[in-house]
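*Asks:* Just a sequence and a predicted model for now, questions to come.
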Amino acid sequence: AQSVTQLDSQVPVFEEAPVELRCNYSSSVSVYLFWYVQYPNQGLQLLLKYLSGSTLVKGINGFEAEFNKSQTSFHLRKPSVHISDTAEYFCAVSHSGGYQKVTFGTGTKLQVIP
Amino acid sequence: EAGVAQSPRYKIIEKRQSVAFWCNPISGHATLYWYQQILGQGPKLLIQFQNNGVVDDSQLPKDRFSAERLKGVDSTLKIQPAKLEDSAVYLCASSSRGGGLFFGSGTQLSVL
């Protein structure tokens, strides 16, 4: 079975400061990894994904994430946040083979302070 | 390219009533998912279809929830009878292989 742990339920950060949202996963096989963003009263939107290849993945809105297999982590980073980045962020994992059941973490609420 | 369409957007019912949600995935996406998202929690997979076959329904409460995917395209999720704890947002998503999930706007269900 696969699982995802997002240790921080809320992360407050000042505008234009850097931010890192942490994600650790557990799986006995090769995985795909994803970050999604959910703005208030909206569905989830894919930010970025790791399937294979380069461990540093760049996504939309200036976000990036690094896959670290030895630490089973996939932390999300942005060098300078904006007010508009205030949202909830979900890390997700699926097996790279089979029917790709996608399991989500519990989410991290990013609050950008003006 | 049209996104994942869901309806209705909101639904309020009383406990023990029935309710149905509809989803139209992105054209060509073989995999369709229904997730339940309770306030303050991450999405929980209820059922996953590959074309019109079920590949995972291990977390679907089968005594009250049912789902079908007609001709491998549209899907409906039904709850009968509803309980208070079913209050949640029901998200439909679709994907092509390795592409990540594309979500609809969801249906917010309130059971009174």
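*Replies:* Sure thing, it's come through. Numbering: from 1, shown residues only, chains lettered A, B, ... in the order given.
*Asks:* which residues are there in chain A that come within reach of chain B?
*Replies:* Residues of chain A found near chain B (CB under 8 Å from any CB of the partner chain) are A:4, A:32, A:34, A:36, A:42-46, A:49, A:51, A:90, A:92, A:96, A:99-107. Where C-beta positions appear, they are placed from N, C-alpha and C, glycine not excepted.
*Asks:* in chain A, which helix or strand is least confident?
*Replies:* Ranked by mean pLDDT, DSSP states H and E, the helix or strand of chain A with the weakest confidence is strand A:102-104, at a mean of 91.
*Asks:* which helices and strands sit right next to it?
*Replies:* Identification of packing neighbours for strand A:102-104 by 3 or more CB pairs under 8 Å, 6 or more residues apart in numbering or on different chains; DSSP states H and E yields strand A:3-5, strand A:87-95, strand B:44-50.
*Asks:* Kindly compare burial across those and name the winner.
*Replies:* Neighbour counts (mean count of other CB atoms under 10 Å in any protein chain shown) averaged over each of the helices and strands packed on strand A:102-104 peak at strand A:87-95, with a mean of 23.
*Asks:* Quick check, central residue of the chain?
*Replies:* Answering for chain A, as no chain was given. A:Trp35 (3.4 Å; CA atoms, centre = their mean).
*Asks:* sorry, should have said chain B
*Replies:* Short answer for chain B (CA atoms, centre = their mean): B:Trp34, at 3.2 Å.
*Asks:* returning to what we had before: Serialize the helices and strands packed on strand A:102-104 to JSON lines and add fields for distance to B:Gln108.
*Replies:* Shown next, in JSON lines, are the helices and strands packed on strand A:102-104 (distance: least, CB to CB, whole Å):
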{"stretch": "strand A:3-5", "distance to B:Gln108": "24"}
{"stretch": "strand A:87-95", "distance to B:Gln108": "15"}
{"stretch": "strand B:44-50", "distance to B:Gln108": "16"}
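*Asks:* ok so, going back, from the residues of chain A next to chain B, keep the buried residues only.
*Replies:* Buried members of the residues of chain A next to chain B, counted by 16 or more other CB atoms under 10 Å in any protein chain shown: A:4, A:32, A:34, A:36, A:43-44, A:46, A:49, A:51, A:90, A:92, A:100-107.
*Asks:* Straight-line length of stretch B:58-77, end to end?
*Replies:* Start and end residues of stretch B:58-77 are separated by 15 Å (CA to CA, to the nearest Å).
*Asks:* ok, how many other residues are close to residue 54?
*Replies:* Since no chain was named, I'll use chain A. 9 (other CB atoms under 10 Å in any protein chain shown).
*Asks:* actually it's chain B I care about, not the one you picked
*Replies:* 13.
*Asks:* That one: what's its closest spatial neighbour, skipping adjacent residues?
*Replies:* Ranked by CB to CB, 6 or more residues apart in numbering or on different chains and with sequence neighbours excluded, the top spatial neighbour of B:Val54 is B:Ile47, at 6.4 Å.
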